[in-house]
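**Student:** got a structure for you, letters missing:
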């Protein structure tokens, strides 16, 4: 590859050298003011036999060293340009201009390079100078006009384009560019005249039609816009796009009947296109003519093309995404019929069956919905949407066995989708298999970029998984993160307070958090129990007694609360009451050597 590139470069350089040599000879002859001087000049007319070598140290070529250096530098610039090094090329051409500011070719190249580098304002003076130095060069003029156009000097560009058109009247590219400048300069009538001239050369082409449409649209010329579309339909009767544009034009101008007439023509002319009849169906829907709309929609759905357009129609008129509105019985019946037609027409396309499943699921026909999703999967296992819906159905029905099977298959096919990880993690969480649950929930979190609800559920489960594995550090850190976005999440706040209590640290902060929680849920026995035990550890036994009594009023048969109440009573110097609560705790199922010792010794461990 490198050798080929070098050979190609050498070939190009060789061609440039030949051109350069010819240029040098031409320049030498053209420097003579009198053509006869060449014939009369002994140095150019002597034969090879008469030739004498120049004295040592003198040049033997027909141009000066200065000119040779100029052309060599120019040639270097050409080589850099050909090899894609535009900035190096620019440097070489600028060096040529330093030697000879009136080198028209160097001015032309510098202009082109600045323009290419996005510095059109800077390029302008060089393009103008190239044209001044060589006013008959078509390429110089074209570049000058192009740069004028780029810097929005449109009237000046029009002047140059007119000269180019005069030199090459059949070059429609010049005319298109000129019309564009005329329009931008505010001369719409001149642009129209130019387009008319183009039509004489190439007829009513697709490109010309689009240019005219853009012109009439910018000028708010509805008559011209409509006429151009009709002309395009006449010239290109098989181009559906023009019919749609004309129909849309009529709809925008509240001329629905005219639009409907066009759609009706299209339904006949393009029998394999579902869109015209879908448009007619929408027109009937907008007028409340549901029977007529359904008839047109059924006809459209029976055409074996444009499945996406049909799905879009269902989504617009039978919207499943809007959960605030339930489809009426009539709409459910219509949607069901259209889905049946769609499945029959697109019997090999998984998406048709997936969408059908969505409507069946929305109608709580779970068994039928599952069947449609399974059909979609059998057609294209690599199509993710039906898998996602199947997993959702498994979750809703709590079918963990089938869910695990499906999730593992999904992970083999779609290892970067979050849902299978999430559902597997949820099953493991419910089974208290916290270690495996953490692995899958973390993967679900890593791949979930859109579903905020899932992300929240993942974090809450992971907090409990960390607690279950004894990793309170991670659980607390994640709890802190959750509370920054959900400061009123009572369960997470209470869990963090409990963790601080169990770690015997930050009792004051734990107390404040539990006070906030109990203010929102004053009859939650677990929360009251936690706050009571925080107060106990802070040696405020009266407050501990108050909160524990409130907890026992809600849950009088909680063994742990009764045992803790006994501890509180002992600290309040009420040993008889303490023993009463300890005995009740034992009768409710509490069992530990420590409890037995407290009952036997009628005191807490540090007191006996």
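**Tutor:** Sure, I can see it. Keep in mind it's a predicted model, so treat the numbers as computed, not measured.
**Student:** residues near the residue nearest to residue 493 when sequence neighbours are not counted, how many?
**Tutor:** Nearest residue to residue 493, sequence neighbours excluded (CB to CB, 6 or more residues apart in numbering): residue 513, at 5.0 Å. For every residue, glycine as well, the C-beta is placed using N, CA and C. Residues within reach of residue 513, counting by other CB atoms under 10 Å, total 24.
**Student:** what helix or strand is residue 513 located in?
**Tutor:** For residue 513, the host element (DSSP states H and E) is helix 507-520.
**Student:** how distant is stretch 431-450 from the center of its chain?
**Tutor:** 26 Å (CA atoms, centre = their mean, to the nearest Å).
**Student:** next SSE downstream of the helix or strand harbouring residue 142?
**Tutor:** For residue 142, the host element (DSSP H and E) is helix 138-150. Once helix 138-150 ends, the next helix or strand along the chain (criterion: DSSP H and E) is helix 154-167.
**Student:** re the thing from before, packing partners for the helix holding residue 513?
**Tutor:** Contact partners of helix 507-520 among helices and strands, from 3 or more CB pairs under 8 Å, 6 or more residues apart in numbering; DSSP states H and E: helix 490-502, helix 525-537.
**Student:** what element comes up after the last one heading to the C-terminus?
**Tutor:** Using DSSP H and E, the helix or strand that follows helix 525-537 in sequence is helix 541-554.
**Student:** between that following helix and helix 525-537, how many degrees?
**Tutor:** Inter-element angle recorded for helix 541-554 and helix 525-537: 160 degrees (by axes from the mean of the first three to the mean of the last three CA atoms, to 10 degrees).
**Student:** please enumerate residues in contact with helix 541-554?
**Tutor:** Residues from elsewhere that reach helix 541-554 (CB atoms under 8 Å, 6 or more residues apart in numbering): 518, 522-526, 528-529, 531-533, 535-536, 558, 561-562, 564-565, 568-569, 571-572.
**Student:** what angle sits between it and helix 507-520?
**Tutor:** 40 degrees.
**Student:** which parts of helix 541-554 are buried?
**Tutor:** 541, 543, 544, 545, 546, 547, 548, 550, 551, 552, 554 (16 or more other CB atoms under 10 Å).
**Student:** rewinding a little: just the helices and strands packed on helix 507-520: most buried one?
**Tutor:** Mean neighbour count (mean count of other CB atoms under 10 Å) peaks for helix 525-537 among those, with a mean of 23.
**Student:** how near is residue 189 to residue 220?
**Tutor:** Taking CB to CB, to the nearest Å as the measure, residue 189 falls 15 Å from residue 220.
**Student:** so where's the stretch 251-400 of the chain uncertain?
**Tutor:** Across the stretch 251-400 of the chain, the ranges flagged by pLDDT under 70 are 321-325.
**Student:** just the stretch 451-600 of the chain next, same as before
**Tutor:** In the stretch 451-600 of the chain (pLDDT under 70), no residue qualifies.
**Student:** skipping adjacent residues, who's closest to residue 361 in space?
**Tutor:** The spatial neighbour of residue 361 that comes closest, neighbours along the chain excluded (CB to CB, 6+ apart), is residue 369 at 3.9 Å.
**Student:** repeat that for residue 563.
**Tutor:** residue 585 is the one closest to residue 563 (CB to CB, 6+ apart), at 3.8 Å.
**Student:** correct me, but that neighbour touches residue 562?
**Tutor:** Yes - counting by CB atoms under 8 Å, residue 562 is a contact partner of residue 585 at 4.0 Å.
**Student:** ok, and the closest non-adjacent residue to residue 421?
**Tutor:** Using CB to CB, 6+ apart, the closest residue to residue 421 is residue 444 (3.8 Å).
**Student:** show me the contacts for that neighbour.
**Tutor:** Contacts of residue 444 by CB under 8 Å, 6+ apart are 418, 419, 421, 422, 425, 454, 458.
**Student:** end to end on stretch 197-211, go ahead and measure it.
**Tutor:** 13 Å (CA to CA, to the nearest Å).
**Student:** so how far is that stretch off the chain centroid?
**Tutor:** With CA atoms, centre = their mean, you get 37 Å for stretch 197-211.
**Student:** quick one on the thing from earlier: quick one: mean pLDDT for the helix holding residue 142?
**Tutor:** Averaged across helix 138-150, pLDDT comes to 96.
**Student:** that helix packs against which elements?
**Tutor:** Against helix 138-150 (3+ CB pairs under 8 Å, 6+ apart) you get helix 104-116, helix 120-133, helix 154-167, helix 172-184.
**Student:** hmm, who's touching that helix?
**Tutor:** Contacts for helix 138-150 (CB under 8 Å, 6+ apart): 104, 108, 111-112, 115, 120, 123-124, 127-128, 130-131, 134-135, 154, 156-157, 160-161, 163-164, 167-168, 174, 177, 180-181.
**Student:** now stretch 445-465
**Tutor:** 416-419, 421-422, 425-426, 429, 434-435, 437-438, 441-442, 444, 475, 478-479, 481-482, 486, 491-492, 495.
**Student:** inside helices: which ones of those residues?
**Tutor:** Per DSSP state H, helices hold the following members of the contacts of stretch 445-465: 418-419, 421-422, 425-426, 429, 434-435, 437-438, 441-442, 444, 475, 478-479, 481-482, 491-492, 495.
**Student:** can you pull the buried residues of stretch 348-360?
**Tutor:** By 16+ other CB under 10 Å, the buried positions in stretch 348-360 come out as 349, 350, 351, 352, 353, 354, 355, 356, 357, 358, 359, 360.
**Student:** ditto for stretch 469-481
**Tutor:** Residues of stretch 469-481 classed as buried: 472, 474, 475, 476, 478, 479 (neighbour count, 16+ other CB under 10 Å).
**Student:** how about stretch 96-103?
**Tutor:** Quick answer for stretch 96-103 (16+ other CB under 10 Å): 96, 97, 103.
**Student:** now these in a markdown table, with distance to residue 255?
**Tutor:** A markdown table is the format used below for the buried residues of stretch 96-103 (distance: CB to CB, whole Å):
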| residue | distance to residue 255 |
| --- | --- |
| 96 | 63 |
| 97 | 61 |
| 103 | 62 |
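**Student:** of these, closest to residue 382?
**Tutor:** Distance to residue 382, by CB to CB, is smallest for residue 96 among those, at 59.8 Å.
**Student:** list the buried residues of the helix or strand harbouring that closest one.
**Tutor:** If you go by DSSP H and E, residue 96 is part of helix 86-99. For helix 86-99, the neighbour count (16+ other CB under 10 Å) marks 89, 90, 92, 93, 94, 95, 96, 97 as buried.
**Student:** and it, what does it pack onto?
**Tutor:** Secondary elements touching helix 86-99 (3+ CB pairs under 8 Å, 6+ apart): helix 65-82, helix 104-116.
**Student:** the inter-axis angle of it versus helix 65-82?
**Tutor:** Going by the same axes, to 10 degrees, helix 86-99 makes 160 degrees with helix 65-82.
**Student:** pLDDT of helix 86-99, averaged?
**Tutor:** Per-residue scores along helix 86-99 average to 96.
**Student:** surely the residue nearest to residue 361 meets residue 392?
**Tutor:** No - using CB under 8 Å, residue 369 makes no contact with residue 392, being 10.0 Å away.
**Student:** neighbour count for the two, which is higher?
**Tutor:** residue 369 (23 against 14).
**Student:** any idea how far residue 253 is from the more buried one?
**Tutor:** Using CB to CB, residue 369 is found at 43 Å from residue 253.
**Student:** can you check residue 135 too?
**Tutor:** Applying CB to CB, the value for residue 135 to residue 253 is 50 Å.
**Student:** which among the contacts of helix 138-150 end up buried?
**Tutor:** By neighbour count, with 16+ other CB under 10 Å, those hold 104, 108, 111-112, 115, 120, 123-124, 127-128, 130-131, 134, 154, 156-157, 160-161, 163-164, 174, 177, 180-181 as buried.
**Student:** isn't residue 117 right up against residue 89?
**Tutor:** No - here residue 117 does not reach residue 89: they are 10.6 Å apart, not a contact under CB under 8 Å.
**Student:** and for residue 565, the neighbour number?
**Tutor:** Neighbours of residue 565 using other CB under 10 Å come to 27.
**Student:** nothing else from me, thank you.
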